[in-house]
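> Using only what follows, build the 3D model:
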Amino acid sequence: MRRRTFSAVLVFGLAAAMSAPAQAAVDRDTAVYPTTIRLPNGFQPEGIAIGPGPVAYVGSMADGSVYRADLRTGAGAVVSRGPGTPALGLKSDARGRLFVAGGPGGDARVLDARTGRVLASYRLAAGPSFVNDVILTQGAAWFTDSTNPVLYKLPLPGGRLPSAAVRVPLTGDLVYQDGPDSPGSAGFNANGITPTPDGRGLIVVQSNTGGLFRVDPATGETRRVDLHGESLPEGDGLLLQGRTLYAVQNRLDTVAVLKLNAAGTDGRVVRRVKDARLALPTTVAAFGSRLYLLNIQFFATGPTPGVSYNAVAIPRP
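From the prediction side, this is the model:
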C-alpha cells in the first residue's frame, strides 16, 4: 500500500531544498518536537504528507477523511471529511494542495490543504482497482494502482489542474501477480512511487514480489532495478532524498535504506532500521532530521472504531 515550486528534486523532501544553516535550525527545532502523534480512534491512517512547514496531513482508510497535525505540538484535527471511500497515498505541494489516492474507490481528488475543500475529483478506473499511492514530479502527479498494471498521470502544466487523468499502461519487467484483494496480501502489486534521483524516471515497488522497478514516464516501460540480490518484500511507501531511498516494509516493521545511482537503475540496501513503536507502518515522510511513519496495525488488531492509532518519528538514518 501502501506506502514536495515542487520540482523533481524538491519533491524528495523539505530538507533537500534548504541551505545548511536553515537545515541546522530546523533540525534543532525538530529535536524538541513530540516523537508520537496521536490520531483519532478508528481513523485507520495510511498516507502521510508533510509541508509546507511543520505540518503533517494524514489520510484515513476508514472514510477518506484527512487529519492535519502540527509537528511542533502533536495537536491536530480533521481538516477534510471523507466521501466514504479511503484516502491512501497523499502528497502536498507549494500551492497548498493535497493530492489524494482513493484506493478501491478507483479515484483521486485534490484538496485545499487549508480548508479541506475539494478542488477537483478524477475517476481513474471504471472496474476493480486499488489506487494506492501518489507522487508529484515537475509537471505531473502520478498514481499507482495495485490491482491494474497502469499508472495514472495528472498533467499539471503551469500548476493548473487538468480536466482528466491519462492512463499509462505498464509494460516490461514489472509483471502483475494474482492474489487476494486485501492490503499486504499476495495480490498487491505496484505500491509506493517516487521519482528517480535524476528526475527523468519513476520508481515503484511491487509489494508481493519485493521488486523495485524503474518506469519510463513517457512509455510506461519498466525495468527491474538491480538490487544486487536484495529485495523489498512487503514494500509500501517510498521516500527519496537525494540518492537515498527509504522504503517501508510494512509487515516487517522495517525501513530499508538504499543508495541509488542517478538514473535509478541500480541500488544497494545499506541498512534496515527498526523501532519498537513500529506496528505495520505504511508510508513515510520527512521533516528536519526525522522520518515520520504511520502505524496501521489492524492486520493484527482488526480495524474497529475503538482502536487507537498514531504516527511516530524516528531519527533519519
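
> what's the first-to-last distance across stretch 194-212?
11 Å (CA to CA, to the nearest Å).

> quick one: average pLDDT of that stretch?
Averaged over stretch 194-212, pLDDT sits at 97.

> now do stretch 215-227
98.

> do the same with stretch 48-60
For stretch 48-60, the mean confidence score works out to 97.

> Between the two ends of it, how far is it?
One end of stretch 48-60 to the other measures 10 Å (CA to CA).

> go on, stretch 276-283?
From start residue to end residue, stretch 276-283 stretches across 17 Å - CA to CA.

> So, low pLDDT: which residues of the stretch 1-150 of the chain?
The model of the stretch 1-150 of the chain has pLDDT under 70 over residues 1-30.

> can you give me the strands for it?
36-39, 45-50, 55-60, 66-70, 76-80, 90-92, 97-101, 107-112, 118-123, 131-137, 140-145, 150-155 (DSSP state E, counting those that start in this stretch).

> Tabulate those strands (JSON lines), appending distance to Leu227 and mean neighbour count.
From N, CA and C alone the C-beta is placed, and that goes for glycine too. Formatted as JSON lines, the strands of the stretch 1-150 of the chain follow (distance: least, CB to CB, whole Å; neighbours: other CB atoms under 10 Å):
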{"stretch": "strand 36-39", "distance to Leu227": "32", "mean neighbour count": "18"}
{"stretch": "strand 45-50", "distance to Leu227": "25", "mean neighbour count": "28"}
{"stretch": "strand 55-60", "distance to Leu227": "29", "mean neighbour count": "26"}
{"stretch": "strand 66-70", "distance to Leu227": "34", "mean neighbour count": "21"}
{"stretch": "strand 76-80", "distance to Leu227": "37", "mean neighbour count": "18"}
{"stretch": "strand 90-92", "distance to Leu227": "25", "mean neighbour count": "25"}
{"stretch": "strand 97-101", "distance to Leu227": "25", "mean neighbour count": "27"}
{"stretch": "strand 107-112", "distance to Leu227": "30", "mean neighbour count": "22"}
{"stretch": "strand 118-123", "distance to Leu227": "33", "mean neighbour count": "15"}
{"stretch": "strand 131-137", "distance to Leu227": "20", "mean neighbour count": "28"}
{"stretch": "strand 140-145", "distance to Leu227": "19", "mean neighbour count": "26"}
{"stretch": "strand 150-155", "distance to Leu227": "21", "mean neighbour count": "21"}
